[in-house]
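Trainee: Sequence and predicted structure below; questions after.
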Amino acid sequence: MFRLSCLAGKTAFVVFIMAVTVVQLTAAEPSHWSRFRGPNGTGISNAVKVPVDFGESDVVWQSKLPVSGHSSPVQWGDRIFITGATIQGDEVERHVVCLNATSGKVLWDKIAAVVPGEALHKMNSWATPSCVTDGERVVAFFGAGGLHCFDNKGARQWSKDLGTFPGGWGVGASPIIFDEMVIQNCDAEGASYLIALDRKTGDEVWRTPREAKPRGGWSTPIVIDVDGQPELILNGEFGVAAYHPKSGEPLWNCTGFNGRGTPGPVWGHGMLYVVNGKSGDVYAVRPGGRGDVTKTHMVWHTDRRGGRDLPSPVLIDDCLVAISMSGIATGYDAHNGEELWKERLGGNYSGSPIAAGGRIYALAEDGSVVVLKAGKKFELVARNKVGDGSGEIFRSSPGVVSNDLLIRGDRTLYRLK
């Protein structure tokens, strides 16, 4: 079943849709995979020749990592950055690792922090948030291990202690760069906030409190442009909210349906698309409001009973695709929320899918990569496998370098052509 909200002013709404355009989060060219889920955080690559069918012969290189973790690879030019951790007695070393994009060789491996290992959910790691880079520096977040900035040669630029992040879940939210700032979601079971730091010095620019006890900081924000004004969009335990990225001022909030704001929002057609972390309606919100916009700006919402959701959705043309942890993929009409199709992919999915060349790439925990086309009908294009089946776990999101795929397991990074 789907339900449309009755919204007045259809002509104005169409004009509004046309006015909403993407904000580049950094000075990155589209070829740079500079942050979690690509340059705009929506999982979309402009590459058109990303491989569809691939096997062992298509592995450009595979690099055994000196650390373990679930962060997704990010890339700028000839450098790839990941995070990882190693256990040293009762303490955990948090690492930032740089690899050469052409050869897969580890160029440097720097210890960002050494702190006791905080409690984690069994599916999480001590290095789950992904780095962000602007081509000159790389920033990594480790929850209780702090926020750290290194230059391209591995020299530490600054570090910031952001608190203890209490609770038994761990963190998953990745930093982003907007203008001259690094912005970090610091949701936790306790005092929660958004923070912006000067990306060159680490000095605090603004800090905005969020509702207490939202369970954990897992969702990574995106920034959009609404009629010439930027809005920072963040999913959370209670729904999706917008802030002014230059000041941290709260702008609007829309109440969700069942908590656990783990998946990141995506956007297009003048709307934000939001999935809950637990079973609950998927919904679309028109940005640009003020205060509680649940009744005025929620355009549609549709029953979603596909189980728990860790992966963020992905939008291709007029089709919104959400994949549950249990591997159930569902396609929705992006304009009215109608459920178009529902298919079981097989396997378990934690990482968020990406899209390139009009196709969706979904990475399962066992290293299977399902390639599909999405529209009014479901089309399975290919089913591939990465890794040797030795028990490696794949809980990251794929990346794209030129026309090649970057796939990260907990112990290995692969480049495939």
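Mentor: Structure's in. What do you need?
Trainee: what ranges do the helices span in the chain?
Mentor: 10-19, 294-297 (DSSP state H).
Trainee: Pick out the shakiest of those, pLDDT-wise.
Mentor: When those are ranked by mean pLDDT, helix 10-19 comes last with a mean of 38.
Trainee: Only the C-alpha atoms, please, for stretch 165-174, written as CSV.
Mentor: The C-alpha trace of stretch 165-174 is given here as CSV (Å, rounded to 0.1, in the frame of the first residue of the first chain):
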residue,chain,number,x,y,z
PHE,A,165,30.3,7.5,22.8
PRO,A,166,28.7,5.3,25.4
GLY,A,167,26.6,2.2,24.6
GLY,A,168,27.2,-1.2,23.2
TRP,A,169,26.9,-0.5,19.5
GLY,A,170,29.9,1.5,18.4
VAL,A,171,29.9,4.1,15.7
GLY,A,172,29.5,4.2,11.9
ALA,A,173,29.1,7.8,10.8
SER,A,174,31.7,9.1,8.4
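Trainee: Now it: buried residues?
Mentor: 165, 167, 169-174 (16 or more other C-beta atoms under 10 Å). The way it works is simple: take the backbone N, C-alpha and C, and place the C-beta from them, glycine included.
Trainee: Would you mind listing where the stretch 151-300 of the chain has pLDDT under the threshold?
Mentor: Within the stretch 151-300 of the chain, the stretches with pLDDT under 70 are 212-216.
Trainee: check contacts around D404.
Mentor: Applying C-beta atoms under 8 Å, 6 or more residues apart in numbering to D404 gives the contacts 50-51, 60, 415-417.
Trainee: which of those are buried?
Mentor: 50-51, 60, 415-416.
Trainee: Measure how buried E56 is and give me the count.
Mentor: Neighbour count for E56, taken as other C-beta atoms under 10 Å: 10.
Trainee: Tell me, what's the model's pLDDT at it?
Mentor: 90.
Trainee: From P265, how far out is E249?
Mentor: Relative to P265, E249 is positioned 19 Å away (C-beta to C-beta, to the nearest Å).
Trainee: Please apply the same query to E91.
Mentor: 35 Å.
Trainee: between those two, which one's more packed in?
Mentor: P265 (25 against 13).
Trainee: show me the residues around the more buried one that make contact.
Mentor: Residues near P265 by C-beta under 8 Å, 6+ apart: 219, 222, 233-235, 240, 272-274, 312.
Trainee: for F257, same thing?
Mentor: By C-beta under 8 Å, 6+ apart, the contact set of F257 is 276, 280-281, 283, 301.
Trainee: circling back to that earlier point, farthest pair in the buried residues of stretch 165-174?
Mentor: Distance extremes for those: the farthest pair is G167 and S174 at 18.4 Å, using C-beta to C-beta.
Trainee: Distance-wise, check V240 relative to N46.
Mentor: Taken as C-beta to C-beta, the span from V240 to N46 is 26 Å.
Trainee: So those two - more neighbours on which side?
Mentor: Legend: neighbour count by other C-beta under 10 Å for V240 and N46, higher for V240 (26 against 12).
Trainee: My guess is that one contacts M271. True?
Mentor: No - the criterion here is C-beta atoms under 8 Å, and V240 misses it with M271 at 11.3 Å.
Trainee: Which residues are in contact with each of those two?
Mentor: Joint contacts of V240 and M271 (C-beta under 8 Å, 6+ apart) are V285.
Trainee: what ranges do the strands span in the stretch 1-150 of the chain?
Mentor: Secondary structure of the stretch 1-150 of the chain by DSSP state E, counting those that start in this stretch: the strands cover 2-4, 21-22, 44-45, 59-64, 74-76, 79-88, 91-100, 106-116, 132-133, 137-141, 147-151.
Trainee: Nearest to K342 among these would be which one?
Mentor: Taking the strands of the stretch 1-150 of the chain one by one with C-beta to C-beta, strand 2-4 is closest: 13.3 Å.
Trainee: If anything else comes up later, I'll come back, but that's it for now.
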